[in-house]
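Colleague: give the three-dimensional model of this entry:
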Amino acid sequence: MALAGNGVLAIWNGIAEAAEADFVNWHIHEHIPERVVVPGFLRGRRYVAIQGRPKYFNFYETETVDVLTSAAYRARLDAPSEWTKRVVRQFRQTSRTICSVFASLGCGDGAFIATIRLSGAEQVERTAAQAGAAVLRSLIDAPGIVAAHLLRGH
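Modeller: Just a heads-up that it's a prediction; the model follows:
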């Protein structure tokens, strides 16, 4: 299924082993509900690595990339709860990227996700220009692939 909006907040993070249960509980019961009530946030998801690091990939879809710099969102970031402060202190290997949706195709939401991060503005721009919908179409035509998305980090 194509992504719900034109903006994405992509966060990869590990968590200290002793804080993992607290992290999962917080993410389900406070963090995602808190985010999706911010105007312009559409959906939040969390994926767990089968292999590789960091262990978690958190994915928030927004109407536009501007939602991720809006006053409403900044207000949430600037006033974290005590639970948020406690959990975030335990994050490890964190990478947070605001993204625009360059292309998004698909017919559903899969149970598994693969992410590939490219760094360097020239490499990203070249890849985006070469990829386009044709490459994404070939990906989703492969057996077992239900969607493919190309995002550009800011």
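Colleague: my read: Gly108 touches Gly144, true?
Modeller: No: taking contacts as CB atoms under 8 Å, Gly108 lies outside contact range of Gly144: 11.3 Å. Backbone N, C-alpha and C define where each C-beta goes, glycine included.
Colleague: give me the more crowded residue out of those two.
Modeller: Neighbour count, other CB atoms under 10 Å: between Gly108 and Gly144, Gly108 has more, with 9 against 6.
Colleague: on the three-state scheme, the more buried one is what?
Modeller: Classification of Gly108 using DSSP: H, G, I helix; E, B strand; the rest coil returns coil.
Colleague: for it, which non-adjacent residue is spatially closest?
Modeller: Nearest residue to Gly108, sequence neighbours excluded (CB to CB, 6 or more residues apart in numbering): Val146, at 4.2 Å.
Colleague: now the one you found: how far from Cys107?
Modeller: Separation of Val146 from Cys107 (CB to CB, to the nearest Å) stands at 6 Å.
Colleague: could you do Leu68 as well?
Modeller: 27 Å.
Colleague: where does the chain dip in pLDDT?
Modeller: Scanning the chain for pLDDT under 70 picks out the ranges 119-133.
Colleague: more neighbours: which of Val146 and Cys107?
Modeller: Val146 (14 against 10).
Colleague: let me see the contact set for the more buried one.
Modeller: Each residue near Val146 by CB atoms under 8 Å, 6 or more residues apart in numbering is listed here: Met1, Gly106, Cys107, Gly108, Asp109, Gly110, Ile140.
Colleague: buried among these? Need that as a selection in PyMOL.
Modeller: In PyMOL syntax, the buried subset of the contacts of Val146 is picked out as below (16 or more other CB atoms under 10 Å):
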select buried, resi 106
